[in-house]
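> Sequence and predicted model, in that order:
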There are 2 protein chains.
Amino acid sequence: MTTTKRGRPRSFDREVALVQATLLFWQHGYEGTSVADLTAAMGISPPSLYAAFGDKRALFTEVVDRYGSTFGAFMGNALAEESDARTGFARMLDEAAVSYTDPTHPAGCLVISAATNYSPATADVERDLRTRRAANIGSFEERLNEAKALGSLPAGTDTRALAVYFAAVVQGLSQQARDGATTEELRRVAAYAMAVWPDPSS
Amino acid sequence: MTTTKRGRPRSFDREVALVQATLLFWQHGYEGTSVADLTAAMGISPPSLYAAFGDKRALFTEVVDRYGSTFGAFMGNALAEESDARTGFARMLDEAAVSYTDPTHPAGCLVISAATNYSPATADVERDLRTRRAANIGSFEERLNEAKALGSLPAGTDTRALAVYFAAVVQGLSQQARDGATTEELRRVAAYAMAVWPDPSS
DNA sequence: TGGATTTTACAGCGATCGCTAAAGAATGCG
DNA sequence: CGCATTCTTTAGCGATCGCTGTAAAATCCA
């Protein structure tokens, strides 16, 4: 019943190769990373890449999926694990400031910066990332609506605008990190940004 | 003394061609816009483009310079024309929300979004835009320091962090606009963002 | 051991990239 | 007019793009 692996075994670690690809796409974006760059970093030849991952587009999708469940997981975690919404958003922004400037990997957020200049050839890649960002805003708004229902946000709060605001701040932090801002600078920015949180007694 | 123009006259309007190039670079970014795209939009052949503008890189620089004195001029104007700093920043954010979603031209800010994915080949382009963004933050900080000296900001205000905050919000507005946010949405975000402004009585 | 299976490296496909040599066309000057 | 000057078009340069045909190498099963 147990089926054994037939044929010549793969000569490289698929997971390690995926991490290498992640770092390249993260730093240079989808268009800015060539298949030659990828194969060089992975230490394999093009046919091996195509056999293991499909094509460049499919590899990128796999990279982004993995990114969301690893480097990008702090966002959802902060909102989900903190019972107080305000504390959750504050933690999310502060952790973004720290993560986006972490010197052990490229700066900023891959989902935000990997496909910003949409040419016709990469329109679907951009649409994909845009959809993920929209889903993010949706989860922000959902969390804010929850808080409003519980009374920790004023009844008149414009949760849609507030959700877009937080998304904009996160994107701003990502861009600033890529522009060379320091961790401490961005943490202070994150702290400032939380001053927008509406007074629940109003 | 007056030197007359010799040789065959140019068959296209240089200013009009520059605007066409601006729209392309604005929408698709530096790398995402090919010379073939440019010549097609301008209605000219490659040698004419190179004779009139140098090369793709020089054309882009000219486009960005022109952008700063036209589409992007509202920023400096808002800060310079309003005697009250808070009013100036509020106006800047609100006008950014309107301008970045103006349907008569591509969404967002060209300086922010035209070169985000830095490959080795375009490293100097990115450095150029990064320098311009840094100069922007510097002018923000300068304006805030001025306000602090005049007492319209608390003495303990972290003007550096506040300047980076406003830059981050502007970049967030640009990104959100490119992601399809509406004018009204972004204006509400801009209004929310001003809540960070420190209470001068504290 | 022989055959089926899978991955490997080598080489190169057509298309596009930024850019330019070459020669003809349109002007002002003398 | 004849010449110098400048812009024009045609055509194509070498390099790189994403991707693949081909055949040898390495494994498991019978």
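Structure's in. What do you need? As the structure is a prediction and not an experimental result, all values here were calculated from the model.
> helix, strand or coil for A:Val142?
You called it Val, but residue A:142 is Glu. The assignment at A:Glu142 comes out as helix when based on DSSP: H, G, I helix; E, B strand; the rest coil.
> Burial check on it, number of neighbours?
Each residue near A:Glu142 was counted by other CB atoms under 10 Å in any protein chain shown, and the total is 13. To be clear about C-beta, it is placed using only N, CA and C from the backbone, and glycine gets the same treatment.
> Repeat that for A:Arg188.
With neighbours defined by other CB under 10 Å, the count for A:Arg188 comes to 18.
> Now name the helix or strand holding the nearest residue to it once chain neighbours are set aside.
Excluding its sequence neighbours, the residue lying closest to A:Arg188 (CB to CB, 6 or more residues apart in numbering or on different chains) is B:Ala161, at 3.7 Å. According to DSSP states H and E, B:Ala161 maps onto helix B:159-178.
> relative to helix A:159-178, how tilted is that helix?
120 degrees (axes from the mean of the first three to the mean of the last three CA atoms, to 10 degrees).
> Check which element follows helix B:159-178 along the chain.
Criterion used, DSSP H and E; the element after helix B:159-178 is helix B:183-193.
> I'd like the average pLDDT over stretch A:17-25.
Averaged across stretch A:17-25, the pLDDT comes to 98.
> And the pLDDT for A:Pro120?
76.
> do the same with the one 10 residues further on
On pLDDT, A:Arg130 comes in at 96.
> Next one: it from B:Thr157, what distance?
When CB to CB, to the nearest Å is the yardstick, A:Arg130 and B:Thr157 sit 36 Å from each other.
> Compare neighbour counts for these two and give me the winner.
B:Thr157 (19 against 16).
> what pLDDT does the residue in chain A positioned nearest to DNA strand C get?
Proximity to DNA strand C, evaluated over chain A using CB to the nearest atom of the strand, is greatest for A:Gly7 at 2.0 Å. Note on A:Gly7: pLDDT of 85.
> So what's the residue count around it?
When neighbours are counted by other CB under 10 Å, A:Gly7 comes out with 5.
> ok, now A:Thr70?
Neighbours of A:Thr70 (other CB under 10 Å): 11.
> ditto for A:Gln27
Count around A:Gln27 with other CB under 10 Å applied: 20.
> Look up how far A:Gln176 lies from it.
A:Gln27 is 16 Å from A:Gln176, by CB to CB.
> Is A:Leu59 part of a helix or strand, or is it coil?
helix.
> Is A:Gly32 in a helix, a strand, or coil?
coil.
> List the contacts of it.
Going by CB atoms under 8 Å, 6 or more residues apart in numbering or on different chains, A:Gly32 touches B:31, B:117-119, B:122.
> tell me the pLDDT at A:Thr2?
48.
> what does A:Ser202 give?
Value listed for A:Ser202 in the pLDDT field: 68.
> wait, what's in contact with A:Lys5?
With contacts defined as CB under 8 Å, 6+ apart, A:Lys5 has no neighbours.
> which SS class is it?
A:Lys5 - assigned by three-state DSSP - is coil.
> Tell me the residues on chain A that lie near DNA strand D, please.
A:4-9, A:33-37, A:45-47, A:50, A:55-57 (CB under 7 Å from any atom of the strand).
> of those residues, buried ones?
A:33, A:37, A:56 (16 or more other CB atoms under 10 Å in any protein chain shown).
> In contact with the first one, which residues?
What it means is A:Thr33. A:24-25, B:119.
> Report the buried residues of the helix or strand hosting A:Glu15.
In this structure, A:Glu15 sits in helix A:14-28 according to DSSP H and E. For helix A:14-28, burial by neighbour count (16+ other CB under 10 Å) applies to A:17-22, A:24-28.
> Dump these into TSV; add distance to chain B as well.
TSV is the format used below for the buried residues of helix A:14-28 (distance: CB to the nearest CB, whole Å):
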residue	distance to chain B
A:Ala17	20
A:Leu18	20
A:Val19	19
A:Gln20	16
A:Ala21	15
A:Thr22	15
A:Leu24	10
A:Phe25	9
A:Trp26	10
A:Gln27	8
A:His28	5
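> Quick check: residues of chain A near DNA strand C?
Near DNA strand C, when you scan chain A using CB under 7 Å from any atom of the strand, you find A:6-12, A:44-48, A:51-52.
> model confidence over the helix holding B:Ala161, on average?
98.
> just checking, what packs against that helix?
Contacts defined by 3 or more CB pairs under 8 Å, 6 or more residues apart in numbering or on different chains; DSSP states H and E place helix B:159-178 against helix A:159-178, helix A:183-193, helix B:85-100, helix B:110-113, helix B:123-150, helix B:183-193.
> residues touching A:Glu82, list them.
Per CB under 8 Å, 6+ apart, neighbours of A:Glu82: A:88, A:91.
> before we move on, the earlier item: which element follows the helix holding A:Glu15 toward the C-terminus?
Next along from helix A:14-28, by DSSP H and E: helix A:35-42.
> could you check the angle helix A:14-28 makes with that next one?
With the same axes, to 10 degrees defining the directions, helix A:35-42 sits at 130 degrees from helix A:14-28.
> what comes into contact with the helix or strand containing A:Ala51?
In this assignment (DSSP H and E), A:Ala51 forms part of helix A:46-53. Residues outside helix A:46-53 that contact it (CB under 8 Å, 6+ apart): A:10-12, A:14, A:17, A:35, A:38-39, A:42, A:59, A:62.
> Compile those into CSV and extend it with columns for distance to B:Glu126.
Below are the contacts of helix A:46-53 laid out as CSV (distance: CB to CB, whole Å):
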residue, distance to B:Glu126
A:Arg10, 36
A:Ser11, 36
A:Phe12, 31
A:Arg14, 32
A:Ala17, 27
A:Val35, 22
A:Leu38, 21
A:Thr39, 24
A:Met42, 25
A:Leu59, 24
A:Glu62, 27
